[in-house]
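Chemist: give me a model of this one.
(4 chains)
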Number of protein chains: 2
Amino acid sequence: MTNEQTILIVDDEAAIRDMIGIALDTAGFSSMTAETALEAHVNIVDRRPDLVLLDWMLPGGSGIELARRLKREELTADIPIIMLTAKTSEDNKVQGLDVGVDDYVTKPFSPRELVARIKAVLRRSTGNLRDKPIRVFDLELDPASHRVTLDDHAVDMGPTEYRLLNFFMTHPEKVFSRDHIQDQVWGANVYLEERTVDVHIGRLRKALTSASGPGINYAGLIQTVRGAGYRFSTRPD
Amino acid sequence: MTNEQTILIVDDEAAIRDMIGIALDTAGFSSMTAETALEAHVNIVDRRPDLVLLDWMLPGGSGIELARRLKREELTADIPIIMLTAKTSEDNKVQGLDVGVDDYVTKPFSPRELVARIKAVLRRSTGNLRDKPIRVFDLELDPASHRVTLDDHAVDMGPTEYRLLNFFMTHPEKVFSRDHIQDQVWGANVYLEERTVDVHIGRLRKALTSASGPGINYAGLIQTVRGAGYRFSTRPD
DNA sequence: GCTAATATGTCATGAAAATGTAACATTTCA
DNA sequence: TGAAATGTTACATTTTCATGACATATTAGC
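Modeler: Alright, predicted model coming up:
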């Protein structure tokens, strides 16, 4: 399978983590685990999973705290969260929904149900906002098909360049430092040389250039801001 | 950069404090230290560091206590904390300290990793608030896109001229001596010839002039105050 | 499981831009 | 007018970027 989606399982009980892990594996997801809210937070920031399964009843009640925090911080706000909770009380649901959690699954649950919910949430969250193609002039990036087209011709680029372009197109007209770009495109705390960003910028530009017709060169949309970083802008440099 | 960020190192071992201090210094941070939780708390309240590196194995387990307290008190809740932990073997205890710490680093760690994580956390916690564009007549400086426009046309200038203009536009109608300008634009403890400021003022004026249309010359906004320094003012000289 | 094809990250190098300084020109004002 | 203050220019040096080459890692296809 091309792009396996990664789910982070946050639960203090090993048995539950294992059970869910197997279920996800069977369903074609890749998974990682965390026992504590702190560990989870670090994992999320560092590796940017596609979805988080979060046990409500983490020791210290920190599950809710974590959810609130994730939704508050810009870097992680768009990662969908499904709460795992033992209780069925309305209170909890209301409280959690306030936090901006995407769905609930109450224990005990069947693996089948869990997987169904995960797929639903992923469909929804990647379906609503991000699934809409982003277009700038004749350059279109379509997350649904994971494809970039220029004048209706496919633009050939590597996965990293795709993510890079996606990030830029969703954050136009702003400068980003190389560090910031690394956070967003590679995940925080991935130690790369700063120049690596330059190289991938170069590759992205080249891809756009060789796909551009005789008119505008779309590589010009990706602008170097000396001493500051890079910027995606439709306005001349 | 103008304002050096300050990191508070809280550890009872002098060797570790020194090692970290040197690493931070090399990375361009300024640092201060505390040996005990009490001392740390006083320092934090008094001097408001930009980030706290906190050893959670402080004598008496007071490291955790301090973290919890800092995150509970409104005055200090927004100061990011990175925990320094010995090992993950103590998972039971670790669970108890999910108090909203921003990241943790396990000893032994490389200075490089530590600095990278510090930067990542600082970026996360402060990166969000970006300033709004500042506009004077048709001259606009937009920090978000790191761009200066005049009548919607980009004004080309070097990084230093950008910082200079940014400083002036955020402090209009006031004279500043060359020394003061140096402190603000180049940073304190940087020694330059006084003439250097003049040169950059000149470059900034030239940039504004060549971007100005036939109407007003925007270079006139940057006024020489003989014997005193320079001033950014919308009123005629 | 193995191999070929892709993709990735790092480095070295050269080019371009930015910077600080000194020298010289010009303006200001007593 | 002339000394002090400021403006301007040229240039050597430093910093920052772009890019091709390469070694490694990952993926896809068989």
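Chemist: and A:L70, helix, strand or coil?
Modeler: With DSSP: H, G, I helix; E, B strand; the rest coil as the basis, the three-state label of A:L70 is helix.
Chemist: pLDDT wise, what is the residue nearest to it when sequence neighbours are not counted at?
Modeler: Distances taken as C-beta to C-beta, 6 or more residues apart in numbering or on different chains place A:T76 nearest to A:L70, at 4.5 Å, with adjacent residues excluded. Backbone N, C-alpha and C define where each C-beta goes, glycine included. A:T76 is assigned a pLDDT of 84 by the prediction.
Chemist: contact partners for A:T76?
Modeler: A:44-45, A:70 (C-beta atoms under 8 Å, 6 or more residues apart in numbering or on different chains).
Chemist: how many residues are close by the closest residue in space to A:R205 that isn't next to it in sequence?
Modeler: Spatial nearest neighbour of A:R205, chain neighbours left out: A:A219 (3.9 Å); criterion: C-beta to C-beta, 6+ apart. For A:A219, the count of nearby residues is 18 (other C-beta atoms under 10 Å in any protein chain shown).
Chemist: mind pulling the model confidence for the residue lying farthest from the centre of chain A?
Modeler: Most distant residue from the mean C-alpha position of chain A: A:P214, 34.8 Å away (C-alpha atoms, centre = their mean). For A:P214, the model assigns a pLDDT of 78.
Chemist: isn't there a helix covering it?
Modeler: No: looking at A:P214 with three-state DSSP, it is coil, so not inside a helix.
Chemist: state the distance from it to A:D151.
Modeler: From A:P214 across to A:D151, the span is 11 Å (C-beta to C-beta, to the nearest Å).
Chemist: A:I64 too?
Modeler: 49 Å.
Chemist: ok, those two, which is more surrounded?
Modeler: Using other C-beta under 10 Å, the more surrounded residue of A:I64 and A:D151 is A:I64, with 21 against 14.
Chemist: so where does the more buried one fall, helix or strand?
Modeler: When elements are assigned from DSSP states H and E, A:I64 belongs to helix A:62-72.
Chemist: tell me which helix or strand comes right after that helix.
Modeler: strand A:81-85.
Chemist: quick check: A:V190 touching A:Q184?
Modeler: No: applying C-beta atoms under 8 Å, one finds A:V190 not in contact with A:Q184, separated by 11.1 Å.
Chemist: looking at these two, which is more packed in?
Modeler: Using other C-beta under 10 Å as the criterion, A:V190 and A:Q184 rank with A:Q184 on top: 19 against 15.
Chemist: I'd like to know how far the more buried one sits from A:L75.
Modeler: 8 Å.
Chemist: for chain A, what lies in contact range of DNA strand D?
Modeler: Chain A comes close to DNA strand D at residues A:2, A:195, A:198-199, A:201-202, A:205-206, A:224-229, as judged by C-beta under 7 Å from any atom of the strand.
Chemist: these in helices, which ones?
Modeler: Judged by DSSP state H, the subset of the residues of chain A next to DNA strand D located in helices is A:195, A:198-199, A:201-202, A:205-206.
Chemist: save these as CSV, and put in pLDDT and neighbour count too.
Modeler: Below are those laid out as CSV (pLDDT from 0 to 100; neighbours: other C-beta atoms under 10 Å in any protein chain shown):
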residue, pLDDT, neighbour count
A:R195, 95, 9
A:D198, 97, 13
A:V199, 97, 12
A:I201, 97, 20
A:G202, 97, 13
A:R205, 96, 18
A:K206, 96, 13
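Chemist: of those residues, which is the nearest to DNA strand C?
Modeler: Nearest to DNA strand C among those: A:V199, at 3.9 Å, using C-beta to the nearest atom of the strand.
Chemist: how close does that closest one sit to chain B?
Modeler: For A:V199, the distance to chain B equals 19 Å [C-beta to the nearest C-beta, to the nearest Å].
Chemist: quick one: residues contacting the residue of chain A at minimum distance from DNA strand D.
Modeler: Here chain A gets closest to DNA strand D at one residue, A:T224, 3.4 Å apart by C-beta to the nearest atom of the strand. Residues near A:T224 by C-beta under 8 Å, 6+ apart: A:201, A:230.
Chemist: show me what it is bridged to.
Modeler: For A:T224, the beta-bridge partners are A:Y230 (DSSP bridges).
Chemist: got a pLDDT number for it?
Modeler: pLDDT, read off for A:T224, is 97.
Chemist: same deal with A:T196?
Modeler: pLDDT for A:T196: 96.
Chemist: which SSE is A:L38 in?
Modeler: helix A:37-47.
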